[in-house]
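Undergrad: Okay, sequence plus prediction incoming.
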Amino acid sequence: MAIPTPGNSDPKLGHKEEGRTVCIHSLAVLPQYQNRSLGKTLMKAYLQRIESHGVADRAALIAHEHLIPFYEKLGFENKGPSKAQFGGGGWFDMIKELHPENALSP
């Protein structure tokens, strides 16, 4: 996996302190615990927490094609093939719009 360095860093990539997009790196469930709705439960809880605290306007991730239906059921929209080439590529960009206006009051 390539790690951006100052010499080859794309200004559109990386952490932006003022950004309103949460990028989800990965969700993994051990094979012996799959097909028990654990991944769905974890992701839903995480997204609800982000939304209820008003920390982001959207969640983004990259997924392999066979996982697109899983993420679509969670409200993510498939934006098509990704330019990301991590781990050999073959990724699709997925975005879920959040509603921080529904955040809990402090």
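TA: The structure has been received and is ready for your questions.
Undergrad: Tell me who's in contact with residue 46.
TA: Taking CB atoms under 8 Å, 6 or more residues apart in numbering as the criterion, residue 46 is in contact with residue 24. For glycine as for every other residue, the C-beta is placed from the backbone atoms N, C-alpha and C.
Undergrad: Repeat the analysis, applying 7 Å as the threshold.
TA: When the contact criterion is CB atoms under 7 Å, 6 or more residues apart in numbering, residue 46 has no partners at all.
Undergrad: quick one: residue 84 from residue 99, how far?
TA: Distance, residue 84 to residue 99, using CB to CB, to the nearest Å: 26 Å.
Undergrad: Neighbour count: those two, which is higher?
TA: Taking neighbours as other CB atoms under 10 Å, residue 84 and residue 99 compare with residue 84 leading, 13 against 10.
Undergrad: wait, the more buried one sits on residue 91?
TA: Yes - between residue 84 and residue 91 there is a contact under CB atoms under 7 Å: 4.9 Å.
Undergrad: Return every residue with contacts to both of those two.
TA: Here residue 84 and residue 91 have residue 62 as joint contacts, going by CB under 7 Å, 6+ apart.
Undergrad: export the longest helix along the chain as PDB, just CAs?
TA: Here the longest helix in the chain is taken by residue count, with DSSP state H as the criterion, and it is helix 38-52. What follows is the C-alpha trace of helix 38-52 in PDB, where atoms were taken according to Å, rounded to 0.1, in the frame of the first residue of the first chain:
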ATOM      1  CA  LEU A  38     -22.800  -7.900  13.200                       C
ATOM      2  CA  GLY A  39     -21.300  -5.800  10.400                       C
ATOM      3  CA  LYS A  40     -24.600  -4.100   9.700                       C
ATOM      4  CA  THR A  41     -25.200  -3.400  13.400                       C
ATOM      5  CA  LEU A  42     -21.700  -1.900  13.900                       C
ATOM      6  CA  MET A  43     -21.900   0.300  10.800                       C
ATOM      7  CA  LYS A  44     -25.500   1.500  11.600                       C
ATOM      8  CA  ALA A  45     -24.400   2.400  15.200                       C
ATOM      9  CA  TYR A  46     -21.300   4.200  13.900                       C
ATOM     10  CA  LEU A  47     -23.200   6.200  11.300                       C
ATOM     11  CA  GLN A  48     -26.000   7.100  13.900                       C
ATOM     12  CA  ARG A  49     -23.300   8.300  16.300                       C
ATOM     13  CA  ILE A  50     -21.600  10.500  13.700                       C
ATOM     14  CA  GLU A  51     -25.000  11.900  12.600                       C
ATOM     15  CA  SER A  52     -26.300  12.500  16.200                       C
END
